[in-house]
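Asks: model this:
(one chain, ligands or ions: 1)
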Amino acid sequence: MSELLDLAISVAREGAELAARRRTEPVTIAATKSSPVDVVTAVDREVEALIRARIAEARPGDGFLGEESYADSGSTGLTWVVDPIDGTVNFLYGLPLYAVSVAVVEGGTDPTSWTALAGCVVNAASGEVYAAERGQGATLDGTPISVSDPASLSTSLMVTGFGYDAAVRAEQGAAAARLLPRIRDLRRSGTCAIDLCWVAAGHADGYWERGVHSWDFAAGAIIAQEAGATVSITAAPSGELRVIASAPAIADDLAAALDAAGAWPEG
Ligand code: IPD
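Replies: So this is what the prediction gives:
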């Protein structure tokens, strides 16, 4: 295992242990962000500060891009992309499905052009560790994982997520409703990082979402890719990011069905 993956796993694990420990105490909202339902807790900030400090100790020249603190471009060409708690609303409600997501990328901070080198997602409540390194495959708790091989889109289980802006969520819900008759069923976990890991492990056949942030999917996308998924990360004209990840067997049909369902209103 490379030094980068080793560090990604160790800081993600340490962050997840801290988050899970804090979940045994009362959790309160520290602030709201893009909308009144887009919250940050003190624990998000504490976990990010811990991970940031650990990475700075181990690799002082690397850049950092995290959900809850300022970005730093660094001097080595490598950037750590961190979501301290992906699934913050689950965490707030005590739903045992929230993740620490840590990736290291090269080539800048634009996810449509960077190259992800390694990533780790820890499901903090269960302790499951999903990890991947470029060209080396993906693992769950150290055991190799791979995507499913669904017979058709109509028998595929999909996962998706919804944004914090009410108008966007209404569009997302309408698109999901149009896709539903064309698939087996739909799940909404509340964490993009876990959604992508579920695709990687074959617990879902595909995932799509618009309006996600790079820290939500940086680690999950390389894990899905290394598990054999077809992954597409693109930006709409407005800059809004779109992610699709699926078993290769349904990738073309899913892309066409999402277009037909109006999943990307900007075109
Ligand atoms: C959110 C989760 C959710 C997705 C949202 C994200 P957060 O991230 O990944 O599943 O649907 O788009 O913003 O706020 O919990 O870090």
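
Asks: Enumerate every residue touching whichever residue of the stretch 1-150 of the chain sits closest to the ligand.
Replies: Here the stretch 1-150 of the chain gets closest to the ligand at one residue, residue 88, 3.8 Å apart by Cβ to the nearest ligand atom. Quick note: C-beta positions are derived from backbone N, CA and C, even for glycine. Taking Cβ atoms under 8 Å, 6 or more residues apart in numbering as the criterion, residue 88 is in contact with 39-41, 44, 98.

Asks: now residue 34
Replies: Contact criterion Cβ under 8 Å, 6+ apart gives 164-165 as the residues in contact with residue 34.

Asks: go with 10 Å
Replies: With contacts defined as Cβ atoms under 10 Å, 6 or more residues apart in numbering, residue 34 is in contact with 163-165, 211.

Asks: what secondary structure does it sit in?
Replies: Following DSSP: H, G, I helix; E, B strand; the rest coil, the label given to residue 34 is coil.

Asks: can you check residue 163 too?
Replies: Of the three states, residue 163 takes coil according to three-state DSSP.

Asks: Name the nearest residue to it, sequence neighbours excluded.
Replies: By the measure of Cβ to Cβ, 6 or more residues apart in numbering, the closest residue to residue 163 outside its immediate chain neighbours is residue 211, 4.1 Å from it.

Asks: what about the closest residue to the ligand within the chain, neighbour count?
Replies: The minimum distance from the chain to the ligand, using Cβ to the nearest ligand atom, falls at residue 161 (2.3 Å). Using other Cβ atoms under 10 Å, residue 161 has 22 neighbouring residues.

Asks: That one and residue 198 touch, don't they?
Replies: No: Residue 161 is not in contact with residue 198 according to Cβ atoms under 10 Å; the separation is 11.9 Å.

Asks: Now the common contact residues for these two.
Replies: Residues within reach of residue 161 and of residue 198 at once, by Cβ under 10 Å, 6+ apart, are 189, 191, 207.

Asks: Secondary structure element holding residue 218?
Replies: For residue 218, the enclosing helix or strand under DSSP states H and E is helix 214-226.

Asks: export that helix as PDB, just CAs?
Replies: Presented in PDB, the C-alpha positions along helix 214-226 are these (Å, rounded to 0.1, in the frame of the first residue of the first chain):
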ATOM      1  CA  SER A 214     -16.100  17.800  -4.900                       C
ATOM      2  CA  TRP A 215     -15.500  16.800  -1.200                       C
ATOM      3  CA  ASP A 216     -18.700  14.700  -1.300                       C
ATOM      4  CA  PHE A 217     -17.600  12.400  -4.100                       C
ATOM      5  CA  ALA A 218     -13.700  12.700  -4.400                       C
ATOM      6  CA  ALA A 219     -13.000   9.500  -2.400                       C
ATOM      7  CA  GLY A 220     -16.200   7.600  -3.300                       C
ATOM      8  CA  ALA A 221     -15.600   8.200  -7.100                       C
ATOM      9  CA  ILE A 222     -12.100   6.600  -7.100                       C
ATOM     10  CA  ILE A 223     -13.400   3.700  -5.000                       C
ATOM     11  CA  ALA A 224     -16.300   3.100  -7.400                       C
ATOM     12  CA  GLN A 225     -13.900   3.500 -10.400                       C
ATOM     13  CA  GLU A 226     -11.400   1.100  -9.000                       C
END
